[in-house]
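*Asks:* can't give you the sequence, but here's the structure:
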């Protein structure tokens with residue numbers, strides 16, 4: 001969770017919770033100063049905001065750090081789109097991932113079609129029976145690179161919230177509080193579940209279209225982002 005602090009008419013942050021508590025203990029900010037994090041409708045005093053998990057040091061420092069509280073209307077919630085990944089970056093990352101996958105399949109496709117190149121140049125397509133007869137030697141060159149690519153994508157997605165394309169373009173997927181989304185959110189809720197819905201006859205194409213078009217919202221969150229509770233930001 002990332003916190004913003006309102007003090008002396010200025011907006012400070014964002015800070016991790018531990019940083020906010022350290023500032024309270026040191027007297028840099030007061031318990032009456034205002035705080036805010038994403039999802040809150042309005043600013044609240046830090047003593048209220050952090051009361052649920054107050055450590056002893058927080059209580060010990062309250063008397064020494066009191067100041068006149070500011071009115072919550074003095075501050076507006078920080079604009080969340082400031083660090084959002086651009087729509088072009090997201091599209092570019094998707095296309096890069098698809099291009100990498102295509103390049104990895106080229107040896108297998110060549111192995112599959114090479115015996116028929118003369119026929120293809122003459123405008124004669126191989127029959128399904130001929131393709132099936134030649135698919136066995138080509139299959140490892142198709143499956144193994146793609147499987148390795150998928151494994152790498154899953155690992156770095158779970159670890160960093162990035163695909164190879166997103167890493168190349170400096171963007172990543174995070175939860176709304178800025179934390180790493182983890183396997184369930186980034187793979188199942190953001191990837192597999194929307195994919196299954198997209199495969200439903202009649203309903204799926206409509207869902208997929210809406211999913212893509214919602215990137216034009218102010219926060220750039222598609223349907224799969226809302227399902228998973230994620231957002232794509234600059235890394």
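*Replies:* Happy to help now that I have it. Owing to the predicted nature of the structure, the values given are computational and were not obtained by experimental measurement.
*Asks:* quick one: the helices in this structure?
*Replies:* Using DSSP state H, the helices of the chain run over residues 17-26, 46-49, 56-61, 87-113, 117-121, 128-160, 164-169, 182-183, 193-198, 203-213, 223-228.
*Asks:* tell me which of the ones you listed lies nearest to residue 34.
*Replies:* Of all the helices of the chain, helix 46-49 sits nearest to residue 34, with 7.2 Å by Cβ to Cβ. The way it works is simple: take the backbone N, C-alpha and C, and place the C-beta from them, glycine included.
*Asks:* I'd like the average pLDDT over the closest one.
*Replies:* Throughout helix 46-49, pLDDT has a mean value of 84.
*Asks:* list the buried residues in it.
*Replies:* Residues of helix 46-49 classed as buried by neighbour count (16 or more other Cβ atoms under 10 Å): 46-47, 49.
*Asks:* could you do stretch 28-38 as well?
*Replies:* 29-38.
*Asks:* can you lay out the residues you listed as JSON lines showing distance to residue 174 and pLDDT?
*Replies:* Shown next, in JSON lines, are the buried residues of stretch 28-38 (distance: Cβ to Cβ, whole Å; pLDDT from 0 to 100):
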{"residue": "29", "distance to residue 174": "26", "pLDDT": "88"}
{"residue": "30", "distance to residue 174": "30", "pLDDT": "88"}
{"residue": "31", "distance to residue 174": "29", "pLDDT": "86"}
{"residue": "32", "distance to residue 174": "31", "pLDDT": "85"}
{"residue": "33", "distance to residue 174": "26", "pLDDT": "88"}
{"residue": "34", "distance to residue 174": "25", "pLDDT": "89"}
{"residue": "35", "distance to residue 174": "21", "pLDDT": "87"}
{"residue": "36", "distance to residue 174": "18", "pLDDT": "85"}
{"residue": "37", "distance to residue 174": "14", "pLDDT": "85"}
{"residue": "38", "distance to residue 174": "11", "pLDDT": "80"}
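*Asks:* tell me the one of those nearest residue 143?
*Replies:* So of the buried residues of stretch 28-38, ranked by how close each gets to residue 143 (Cβ to Cβ), first place is residue 38, at 42.3 Å.
*Asks:* dihedrals phi and psi, the closest one?
*Replies:* Phi and psi for residue 38, reported as degrees, to the nearest 10, are phi -60, psi 130.
*Asks:* what's the pLDDT at the spatially most central residue of the chain?
*Replies:* Centroid-nearest residue in the chain, with Cα atoms, centre = their mean: residue 173, separated by 1.6 Å. Looking at residue 173, its pLDDT reads 94.
*Asks:* how much space between the closest residue to it other than its chain neighbours and residue 44?
*Replies:* Excluding the flanking residues, the one nearest residue 173 by Cβ to Cβ, 6 or more residues apart in numbering is residue 161, at 3.9 Å. According to Cβ to Cβ, to the nearest Å, residue 161 and residue 44 sit 29 Å apart.
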